[in-house]
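# sequence and computational prediction follow.
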Amino acid sequence: MAYVGKLYQHVSDENFEAFVKSLNLTEEQATGFLNYKPDQKLVKNGDTYTLTTTSTLNSREVSFKDGVDFDETVVPGRVAKTTFTFNGNTLIQVQKYDDGVVITTKRDYSGDELTVTVQKNKDGPIAIRHYKA
């Protein structure tokens, strides 16, 4: 877990616009999401992890335990049943919403690189975000 404690900075995206479009957001929300290019840092404290995302727009922290479901307020009024699970150097985040939407985010850590793959449901567009420590 050499990646724990490292700050990863956003470098580039692939297919992110198609992913955002699949979310059926308002134009203002979609624009905000497209402009959101946060840095990421994962910290471990005992058996609890905290993932911090920071950008010029805001900072957000989510704390979790490996494999334990919890209610996550993603945005005001939008709650997901979320589970983070480690598989080697990959952190998989699954967010399940009451309306049936499932967002799966895989964070693959490799040395000083972080590749984040995100998809809505199993048939939605796949976006890839690249980061460097």
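Perfect, thanks for sending it.
# the one helix or strand Val11 maps to - what's its average pLDDT?
Per DSSP states H and E, Val11 falls inside strand 7-14. Per-residue pLDDT over strand 7-14 has a mean of 96.
# now stretch 18-28
The average of the pLDDT scores along stretch 18-28 is 90.
# contacts for that stretch next, please.
Applying CB atoms under 8 Å, 6 or more residues apart in numbering, the contact partners of stretch 18-28 are 30, 33-34, 118-120, 124-127. From N, CA and C alone the C-beta is placed, and that goes for glycine too.
# mind checking which of these are in strands?
Judged by DSSP state E, the contacts of stretch 18-28 include 118-120, 126-127 as members of strands.
# in ChimeraX, how would I select the buried members of those?
Remark: buried members of those, expressed as a ChimeraX selection using 16 or more other CB atoms under 10 Å:
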select :118,119,120,127
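# which of the contacts of stretch 18-28 lies closest to Ala80?
When the contacts of stretch 18-28 are ranked by distance to Ala80 (CB to CB), Lys120 comes first, at 12.1 Å.
# my guess is the closest one meets Val101, correct?
Yes. Lys120 lies in contact with Val101 (CB atoms under 8 Å); the separation is 6.4 Å.
# hmm, back to that, of the contacts of stretch 18-28, just say which sits nearest to Phe64.
Val118 (17.1 Å).
# how far away is the closest one from Val79?
Separation of Val118 from Val79 (CB to CB, to the nearest Å) stands at 19 Å.
# for Leu42, same thing?
23 Å.
# the two - which one has more neighbours?
Leu42 (20 against 14; other CB atoms under 10 Å).
# does the more buried one sit in a helix, a strand or a coil?
strand (DSSP: H, G, I helix; E, B strand; the rest coil).
# quick one: pLDDT of it?
Reading off the model, Leu42 has pLDDT 97.
# just to check, it is in contact with Thr48?
No. Here Leu42 lies out of contact with Thr48, judged by CB under 8 Å, at a distance of 11.4 Å.
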